[in-house]
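>>> Have a look; sequence and predicted model below, questions after that.
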Amino acid sequence: MKLQKWFMSVAAVAVLAAPGAAQAALITAWDYTVNAHWENWTPGSVTNFVEGNEDVLQWGTEDDGGQSNGLSQLRVTNNIAGTIITNDGVGSPGATVTHNNFAIDPPTLESTDLVVDLTFGPSGSGESVPFTQTFFIDFDETLNQEPCLPDSASVCDDIFVLNNPSDLSVQFQVEDYLYTASLVFDEANFEGGQIFFDDLDGDGVAELYFLTQENFSSILPTNIVITAQQVPEPAALGLVGAGIFGLGLAARRRRKA
């Protein structure tokens, strides 16, 4: 099943206004910052460095057949800031992931964690909540020879799998509004790549995975979107007595064995 959009959790906070505080109105705009980086890559011979506003993983050796255009890389942007308008349907820029997919000899990347650090709060309030989420990625540097996956656009597309899609959606409530914060990526904007949600390994469980073309820089931009829905009364998501945005929540989960 081809996936046109997937919603990635980028922020989670469960807070209520302090007693007596007037916070029942819809929060229409949010100030935010985003930083992202790679951690826990295997094998350890993969190189990590910062170049400009991107955190970079680089691996492999030059292809002996003279086919290489450079070493393979995963790059993710940093130092993003702006304002998100609630319910505008468009959102604001989030991190961009780039895979430079070139013909190389081993060693090749096998897995890595993408760590996203985000802060956000009502615009102009001067208050914000920090949140950290980790996404667990398995990577397959294909041998560039048949057979390939049926949907490969080249011989053969590389594959990376996001292993914890259950963590990719979140809601939080502030007074009588339920908000959903999402990092949205659209396949129509994925240069040189395709997105799927399907049973890749035949175990009966669908995986979220990406195909990236050989000898191409596949670029996946994202947008952060916040939507809101009014609810009759505060639900159990709130923490009674916590000041508005007085609580930060950090969540890091271990990769499943």
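Noted; the coordinates are in hand. Numbers count the residues shown, from 1 in each chain.
>>> From S128, how far out is V97?
From V97 over to S128 the distance is 24 Å, taken as C-beta to C-beta, to the nearest Å. From N, CA and C alone the C-beta is placed, and that goes for glycine too.
>>> Neighbour count: the two, which is higher?
Just comparing V97 and S128: by other C-beta atoms under 10 Å the higher neighbour count belongs to V97, 23 against 18.
>>> Now that one. Nearest residue, chain neighbours left out?
L220 (4.7 Å; C-beta to C-beta, 6 or more residues apart in numbering).
>>> That neighbour reaches F190, doesn't it?
Yes. Shown here, L220 and F190 form a contact pair, counting by C-beta atoms under 8 Å, at 5.0 Å.
>>> Overlap of the contact sets of these two?
F210 (C-beta atoms under 8 Å, 6 or more residues apart in numbering).
>>> So, low pLDDT: which residues of the chain?
Within the chain, the ranges that satisfy pLDDT under 70 run 1-24, 63-69, 168-169, 233-257.
>>> can you give me the helices for it?
Counting by DSSP state H, the chain has no helices to list.
>>> max-length strand in it?
Determined from DSSP state E, the single longest strand within the chain is strand 29-42.
>>> which helices and strands does that strand pack with?
If contacts are counted by 3 or more C-beta pairs under 8 Å, 6 or more residues apart in numbering; DSSP states H and E, strand 29-42 sits against strand 54-59, strand 72-77, strand 80-85, strand 111-122, strand 223-230.
>>> With respect to burial, which of these scores highest?
Sort these by mean neighbour count, taking mean count of other C-beta atoms under 10 Å, and strand 72-77 sits at the top with a mean of 22.
>>> Partner strands of that one, with direction?
With DSSP bridges as the test, strand 72-77 is paired with strand 54-59 (antiparallel), strand 97-101 (antiparallel).
>>> Run the angle between the longest one and strand 29-42 for me.
Think strand 54-59. Here strand 54-59 runs at an angle of 20 degrees relative to strand 29-42 (axes from the mean of the first three to the mean of the last three C-alpha atoms, to 10 degrees).
>>> Specify the angle between strand 54-59 and strand 111-122 in degrees.
Using the same axes, to 10 degrees: strand 54-59 against strand 111-122 is 170 degrees.
>>> and strand 54-59, how far out from the chain's middle?
16 Å (C-alpha atoms, centre = their mean, to the nearest Å).
>>> Quick check: end-to-end length of stretch 98-115?
15 Å (C-alpha to C-alpha, to the nearest Å).
>>> quick one: buried residues of it?
98-104, 108-109, 111-115 (16 or more other C-beta atoms under 10 Å).
>>> Tabulate the helices and strands packed on strand 29-42 in CSV, adding columns for distance to A25.
Output for these, formatted as CSV (distance: least, C-beta to C-beta, whole Å):
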stretch, distance to A25
strand 54-59, 38
strand 72-77, 33
strand 80-85, 15
strand 111-122, 10
strand 223-230, 11
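>>> Contacts only, for the residue nearest to V97.
T96, V97, T98, F185, N189, F190, E191, G193, F210.
>>> Roughly how far does the fifth one sit from L220?
In other words, N189. Using C-beta to C-beta, N189 is found at 8 Å from L220.
>>> I'd guessed L118 sits against Y32; true?
Yes. Taking contacts as C-beta under 8 Å, L118 lies within contact range of Y32: 6.5 Å.
>>> What is the distance between stretch 150-163 and the centre of its chain?
18 Å.
>>> Next: stretch 109-128.
Per C-alpha atoms, centre = their mean, the centroid offset for stretch 109-128 relative to its chain is 10 Å.
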